[in-house]
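J.: Please work out how this folds:
(chains A, B, C and D)
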Protein chains: 4
Amino acid sequence: MIVVMNQEATADQIQHVQDKLKEWGFGIHFSQGVERTILGVIGQKKPGVMESIEAMDGVEKVVPILQPFKLASREFQSATSEVQVGDVVFGGPKLVVIAGPCAVESEEQMVMTAKAVKRAGATMIRGGAFKPRTSPYAFQGLEEEGLKILKQTSIEVGIPFVTEVVNPMEVEMVAEYAPMLQVGARNMQNFTLLKEIGKLKKPVILKRGLAATIDEWLMAAEYILSEGNYQVVLCERGIRTYETATRNTLDLSAVPLAKRLSHLPIIVDPSHGTGKRFLVNPLSKAAVAAGSDGLIIEVHPDPESALSDGPQSLNFNGFETLMKEITPIIYAVGRSL
Amino acid sequence: MIVVMNQEATADQIQHVQDKLKEWGFGIHFSQGVERTILGVIGQKKPGVMESIEAMDGVEKVVPILQPFKLASREFQSATSEVQVGDVVFGGPKLVVIAGPCAVESEEQMVMTAKAVKRAGATMIRGGAFKPRTSPYAFQGLEEEGLKILKQTSIEVGIPFVTEVVNPMEVEMVAEYAPMLQVGARNMQNFTLLKEIGKLKKPVILKRGLAATIDEWLMAAEYILSEGNYQVVLCERGIRTYETATRNTLDLSAVPLAKRLSHLPIIVDPSHGTGKRFLVNPLSKAAVAAGSDGLIIEVHPDPESALSDGPQSLNFNGFETLMKEITPIIYAVGRSL
Amino acid sequence: MIVVMNQEATADQIQHVQDKLKEWGFGIHFSQGVERTILGVIGQKKPGVMESIEAMDGVEKVVPILQPFKLASREFQSATSEVQVGDVVFGGPKLVVIAGPCAVESEEQMVMTAKAVKRAGATMIRGGAFKPRTSPYAFQGLEEEGLKILKQTSIEVGIPFVTEVVNPMEVEMVAEYAPMLQVGARNMQNFTLLKEIGKLKKPVILKRGLAATIDEWLMAAEYILSEGNYQVVLCERGIRTYETATRNTLDLSAVPLAKRLSHLPIIVDPSHGTGKRFLVNPLSKAAVAAGSDGLIIEVHPDPESALSDGPQSLNFNGFETLMKEITPIIYAVGRSL
Amino acid sequence: MIVVMNQEATADQIQHVQDKLKEWGFGIHFSQGVERTILGVIGQKKPGVMESIEAMDGVEKVVPILQPFKLASREFQSATSEVQVGDVVFGGPKLVVIAGPCAVESEEQMVMTAKAVKRAGATMIRGGAFKPRTSPYAFQGLEEEGLKILKQTSIEVGIPFVTEVVNPMEVEMVAEYAPMLQVGARNMQNFTLLKEIGKLKKPVILKRGLAATIDEWLMAAEYILSEGNYQVVLCERGIRTYETATRNTLDLSAVPLAKRLSHLPIIVDPSHGTGKRFLVNPLSKAAVAAGSDGLIIEVHPDPESALSDGPQSLNFNGFETLMKEITPIIYAVGRSL
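T.: Predicted structure coming up:
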């Protein structure tokens, strides 16, 4: 941590900051520049200290030196983590492809979809039983009934599934059905939910918040890790920007960036990341080329009758085409399916 | 709702969209332009219909005509709602000023602060017992102990309080202590929490999400209203933009804009909205001038020893100065304290 | 400047950075922390040095300590600059109100508007002769003919004017007619234009770019100042954010922030800043309350027949109402008209 | 164009809008919904009409139906344009790779770089002679001397070059040296510059503005096209968002999106798009996978001594590695080098 005093800081103010730092057990490197006094602060980071100093008179700014996350960092663990769900491994040499509808609507829909996407090459399915919707009047999901359908489908078709949990009170219940949980973008900083999930020993996909920085996202992962659950997979799904031609702006630089900062596997959601069907195919390819460990793609037997996210869902043909076209790129980056 | 077909849409595709719309009970105004076919859709809005049509082949875009919120809208209720907490009325002729520390730290701190801000003109106090923090290692609040301190302080000093609730499981418990609840920016779309609060008959401040549009914010209010709780006060607290010189960008146009679209009272939080102490004073004045129904301001007896948000907290002198300087502006816009 | 080496930086890499810094004439404070080596760099800032170091192996980041602007900074000049145009003084005790149409359309329109806004209290008029338009097919202004109309109107009504210049080749010509120039948001980083204006001794309004940080804006001012023209007035006119309910997001915290960093006067444009007529009135009030030295407002005799920016233009009645309502706020912040 | 009247619009106001539309030669489809009156406007789009109507009393909003650009649109020309510079073809089956330093520093630097990047597979070089810099005190380029070096290098090494032009007064001069011009992000809406370039018959790369929407970008292209120069290549180079971990957020969805809307070729600049050397390689791969027609990459013999943009420049080894690793992806998307 570096403390920059402002130009008009008095000797007393500078002394006061130093006294406080010493009181808290820090070492100090004092550096008197031409126009500013700068204090290098040495010692273990303590929560709240940066803010306290920033609030002191005469302080212009405080510059953090270390990343705020620990357990999630590459410095803590240099090898990429592998997160396993059945036979599927996130962070290993194989690309993971998760496909399925936004919302579970019926067993027929789920089984039909699961068979189609499995045939085309997907190794995992997705489907929402609890849907966080902007409007209270929109379809909110089949809830526990949806979980039963997912489990039944999974057994019938022989493919694991991931599903979103939105309520801390339902974490245990969802975990009884699902081999992998998902925290949606809106809940990335729902710390109560994160802590509940942290208490499980269950793989979880943590989506990046709508306007979350990479640091905040890794801090959200830290909430889960710090409770003892190390099976976290990050998911980039687009951020909110001024551009309205797409639903979100898919930030693919987040893939190599998060990989550099963290050992956690990372996948990409080009469906929410773009919001438009014709963009899912090229952005899926781009995600793989950028080094993503996997994809999560919305596929629906009949997008126009989907109860949620129809405009960004592929139909079976579209998904099959995608899988065909993406295969050479998977091999071009040295991975396999 | 207006459906715009794309230039290459076939007659079959156009017919299919019309058939579906009729099937769903809508009337259609068909309009054949020079380069596009446009369908005006007439009838009661149904959830999901817009998305379904947008997913159909040949459709270029679907343009909504009506606001998505109902109970929160000025069209539903033309008079501004008044929300009452003890003697304090949000949305009436008097400006409401809420002041207090970010986090409750001790009874001494709260009583001292409550007395000071009351003396300076505040009519309500604030203080967090449950703190949603970016880092799992940061101070998370005194929890129920904090609520007891708030209640005790409130009785001793004779001033009502508002406090944040972050966990749907704790809504009832917090409501037993507090006369007014707060939903923080990170939880604006925590729909489980909103629904729980909607079941109470308790006033609530709903902060705007970090990257929420005005429409999404009013839809979040709609979640609370649609469960039967009509005592919602909106709070603008800054949005996330590319500018890093301030913690957030305080969007004061949101005040007159939300007032035009909705009957709910609206207040402004210049402390989180700017993140810097020296900006709180001028932006408080600006908020009142823009028509805000109130202010919520962080005040701490000793900002540099605050456990949270010290850099943006005023000390007692700073708050007193603010109250003195703001009074003529309150009267200039035809209100009183 | 602070250089933070990354955790894996080798002794050779650290030595190399230090050698280079010494070669460039800097002093170094070496600080070996628990997990990082940090170099405090002492000496006069040189352009390009920060980037060079950031490009070296083993360097994690370089943190600037000083503001990048000099002549524009409060440290360079502590007293607020006053910029004078005829009898009008920007940065003095009186609020400056500039009003007029987006584009000059005819002499009749300009004279009528100038008389109306002068009567209502404006002390300066505005009007565009050269219009930067998103579309090449939109009205581009009357060009030199427009300048003649502005000058004629100014003489006839007895009120100075400001007008935009968009082309470096036309700076001299525009300056022959106009007592004050304006650089629009799109041209804030048109450095060729800025340098040409810097060579004049003419007051200029420099609008903030659509997505410019405060630092970049002050650096743009620095371009003009460094050529010898010190008569620069800043103008906040809204920034681009994800919010689409307004044309731009008016960032009123920029007013006290720019005032703290710079001695240049600053005014606010609530017309472009919001894009909606009904928001101009409340945001004008807010701007004055936040400490703005002036306002620049679009007024048109008949907004619906305006050739540009009709939706955000006030008519004469709207402007008169605004001037009446804003007067008590001007006095409440200790200024006059 | 669709005109939506607000709920309280009077019969007179609705009539007035219709009268004006008829006066301007438009046909009208009148549609009386349950809560709103909607007018479908039929006829050739005229500049300014949308704004005029939006300014009328009783109008809630005006929704455009057609894209604002014409010559740049896929509807105007369905086949992708090919833009040729020497033997290099943008928009054809071969991927175009442009490489070179941010700024021309010396003939030695340019020749060395040109040889190295040509050997590694680049087909064109880049180098700035005129540099738009945020600070007036930063290196502004070698100017005409730089152009001479570029031309000399081009002849000596046998490879064409592109270079930026920043001043409308210098367009002709730069065009005498350079076979291809570039408009930088800061100048995307420097309409004077665009018009001057439009008068040439010279290929030009038009970079997307820092905060430009896809529509605004294509409108900027339209400025060049409408003057008669059809040889425009678009270049995505990252947009400004709230995320500060990267210099910009590279928006790769812009590639397939612009391709759908426009027939112009599009390339990607991962160097400015990320600002960090280690991100250039993965994002280059992603760009190609997303369908980009080419790449423009900063390469410097010794990035740490670069006078500009060192932190994002590759050295020769880094560029060679990139070219090797990217080749299988180029073939995987059905293109060649």
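J.: looking at this, residue A:114 is in a helix?
T.: Yes - read with DSSP: H, G, I helix; E, B strand; the rest coil, residue A:114 is one of the residues of a helix.
J.: Could you check how far the spatially closest residue to it that is not a sequence neighbour is from residue A:111?
T.: Nearest residue to residue A:114 in three dimensions, chain neighbours excluded: residue A:157, at 4.1 Å (Cβ to Cβ, 6 or more residues apart in numbering or on different chains). All C-beta spots, glycine's among them, are computed from the backbone N, C-alpha and C. Distance, residue A:157 to residue A:111, using Cβ to Cβ, to the nearest Å: 6 Å.
J.: still on that earlier bit, distance check, the residue nearest to residue A:114 against chain D.
T.: Distance, residue A:157 to chain D, using Cβ to the nearest Cβ, to the nearest Å: 30 Å.
J.: What about that residue, how many residues nearby?
T.: Residue A:157 has 19 neighbours, counted by other Cβ atoms under 10 Å in any protein chain shown.
J.: got the contact list for it?
T.: Residues near residue A:157 by Cβ atoms under 8 Å, 6 or more residues apart in numbering or on different chains: A:111, A:114-115, A:118, A:125.
J.: and it, backbone torsions?
T.: Here is the backbone geometry of residue A:157 (degrees, to the nearest 10): phi -90, psi -10.
J.: In the stretch 51-200 of chain A, which residue sits closest to chain C?
T.: residue A:63 (5.1 Å; Cβ to the nearest Cβ).
J.: For that residue, the count of nearby residues, please.
T.: Residue A:63 has 18 neighbours, counted by other Cβ under 10 Å.
J.: Skipping adjacent residues, who's closest to it in space?
T.: residue A:2 (4.3 Å).
J.: For that neighbour, list each beta-bridge partner.
T.: residue A:40, residue A:63 (DSSP bridges).
J.: Just the pLDDT for the residue nearest to residue A:114.
T.: The model reports residue A:157 with a pLDDT of 98.
J.: cool, and residue A:47?
T.: 68.
J.: Got the phi and psi for residue A:142?
T.: When read as degrees, to the nearest 10, the backbone of residue A:142 gives phi -80, psi -10.
J.: which residues does it contact?
T.: A:103-105, A:129, A:149.
J.: Same question for residue A:102.
T.: With Cβ under 8 Å, 6+ apart, residue A:102 has these contacts: A:127-128, A:131, A:298, A:300, A:306-309, A:313.
J.: Swap in 7 Å and give it another go.
T.: A:128, A:298, A:306, A:308-309, A:313 (Cβ atoms under 7 Å, 6 or more residues apart in numbering or on different chains).
J.: mind putting those residues in JSON lines, secondary structure and pLDDT included?
T.: Formatted as JSON lines, the contacts of residue A:102 follow (DSSP: H, G, I helix; E, B strand; the rest coil; pLDDT from 0 to 100):
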{"residue": "A:128", "secondary structure": "strand", "pLDDT": "96"}
{"residue": "A:298", "secondary structure": "strand", "pLDDT": "97"}
{"residue": "A:306", "secondary structure": "coil", "pLDDT": "80"}
{"residue": "A:308", "secondary structure": "coil", "pLDDT": "78"}
{"residue": "A:309", "secondary structure": "coil", "pLDDT": "79"}
{"residue": "A:313", "secondary structure": "coil", "pLDDT": "92"}
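J.: on that earlier part again, dump the contacts of residue A:142 to TSV, plus pLDDT, distance to residue A:78 and neighbour count.
T.: Output for those, formatted as TSV (pLDDT from 0 to 100; distance: Cβ to Cβ, whole Å; neighbours: other Cβ atoms under 10 Å in any protein chain shown):
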residue	pLDDT	distance to residue A:78	neighbour count
A:103	93	40	24
A:104	96	39	29
A:105	94	44	23
A:129	96	37	25
A:149	98	41	22
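J.: Show me what the lengthiest helix in chain A packs onto, helices and strands only.
T.: Longest helix of chain A, by residue count under DSSP state H: helix A:316-332. When contacts are defined as 3 or more Cβ pairs under 7 Å, 6 or more residues apart in numbering or on different chains; DSSP states H and E, helix A:316-332 sits against helix A:107-120, helix A:277-289, helix D:316-332.
J.: If anything else comes up later, I'll come back, but that's it for now.
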